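> just to be clear, the model below is a prediction. Sequence and coordinates:
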Amino acid sequence: MIDIETTGAQPQEIIEIGTVDVVAHEGTWRVEAPRSRLFRPQGAISVHAMAIHHLTPDDLAVADAPCTDATLIEAVRSSPAPDALVAHNASFESQYISRNVTGPLAWICTMRAARHAWPDAPGHSNQVLRYWRGLRLDPQLAMPPHRAAPDAWVTAHILIELLQQASVEDLLAWSKAARPLQRIPFGKYKGRDWSAPPVHYLKWLVEEPEMEREVVDRAQAELQMRALPSRPVQASPL
């Protein structure tokens with residue numbers, strides 16, 4: 001289980017990683033203790049990112065080094081080696097964790113898998129699913145939200161919920177399946193056509209650092225379409 005927090009500024013850097021192992025144990029699944037590590041960024045942290053994870057330059061001044069592939073390998077390739085990597089909205093994590101780190105390991109996205117397993121859920125963020133599924137988690141490990149170790153801990157328990165009704169192979173397949181986004185999937189415009197929201201809302205979707213890649217792409221396409229010059233209407237010949 002992997003969760004990262006980033007600077008939110010370009011170029012984005014990882015400033016925290018949280019990992020949790022989920023292992024098979026006597027016919028069931030066991031969640032190991034979460035681990036986390038802070039990294040010292042080389043650039044700035046955006047104010048918007050600080051408002052999400054509340055990591056400030058002062059917090060990271062004590063971190064030992066910037067994030068590198070070598071330090072990510074230490075965090076991701078635990079012992080024993082994992083069979084797959086798991087994240088909630090794995091398209092976000094996989095942008096910043098290269099194949100040099102993951103090797104041939106496939107990603108399971110618990111967000112995409114949850115949409116297949118529980119299409120009628122009130123939402124599919126890890127915190128919504130946490131309470132909707134009635135997960136009773138130790139607040140010392142599950143809080144605060146938007147920090148890497150607590151979010152990875154919550155996601156680990158969502159993974160176990162998914163594994164109780166689907167196989168690992170199912171989760172891998174669901175994680176790869178693209179979903180058509182003919183309607184906005186969440187928020188104040190949920191269920192409405194992409195032509196409904198104003199430009200500033202679409203720009204927010206594009207700029208939100210942890211937004212799902214498919215949502216970003218669809219919002220960008222709508223913005224590009226709106227930027228095209230409108231064609232003049234030609235009168236029909238008499």
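Here it is on my side, so go on.
> how does this protein divide into domains?
2-176, 187-227 (automatic domain parsing).
> I'd like these laid out as TSV, including mean pLDDT.
Below are the domains of the chain laid out as TSV (pLDDT from 0 to 100):
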stretch	mean pLDDT
domain 2-176	92
domain 187-227	88
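> please convert these to a markdown table, extending it with mean neighbour count.
Placement of C-beta: from N, CA and C, glycine included. Shown next, in a markdown table, are the domains of the chain (neighbours: other Cβ atoms under 10 Å):
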| stretch | mean neighbour count |
| --- | --- |
| domain 2-176 | 17 |
| domain 187-227 | 14 |
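> just give the closest residue to residue 114, not the sequence neighbours.
For residue 114, ignoring the flanking residues on the chain, the nearest one in space by Cβ to Cβ, 6 or more residues apart in numbering is residue 124 at 4.9 Å.
> what about the one you found, distance to residue 18?
Separation of residue 124 from residue 18 (Cβ to Cβ, to the nearest Å): 20 Å.
> these two touch, right, residue 113 and residue 166?
Yes: under the criterion of Cβ atoms under 8 Å, residue 113 makes contact with residue 166 at 7.2 Å.
> what helices or strands is the helix or strand hosting residue 172 leaning on?
Residue 172 belongs to helix 168-176 when elements are defined using DSSP states H and E. Packing contacts for helix 168-176, counted by 3 or more Cβ pairs under 8 Å, 6 or more residues apart in numbering; DSSP states H and E, involve strand 107-109, helix 110-117, helix 148-163.
> report the contact partners of the residue nearest the centre of the chain.
Nearest to the mean C-alpha position of the chain, counting by Cα atoms, centre = their mean, stands residue 89 at 3.0 Å. With contact set as Cβ atoms under 8 Å, 6 or more residues apart in numbering, residue 89 has these partners: 109, 111, 210, 212.
> could you do residue 13 as well?
Residue 13 neighbours (Cβ under 8 Å, 6+ apart): 6-7, 39, 41-43, 66-67.
> what distance do you get for residue 35 to residue 152?
Distance of residue 35 to residue 152, given as Cβ to Cβ: 9 Å.
> anything in contact with each of the two?
With Cβ under 8 Å, 6+ apart, residue 35 and residue 152 have common neighbours 18-20.
> reformat those as a markdown table; add distance to residue 176.
Shown next, in a markdown table, are the shared contacts of residue 35 and residue 152 (distance: Cβ to Cβ, whole Å):
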| residue | distance to residue 176 |
| --- | --- |
| 18 | 24 |
| 19 | 22 |
| 20 | 23 |
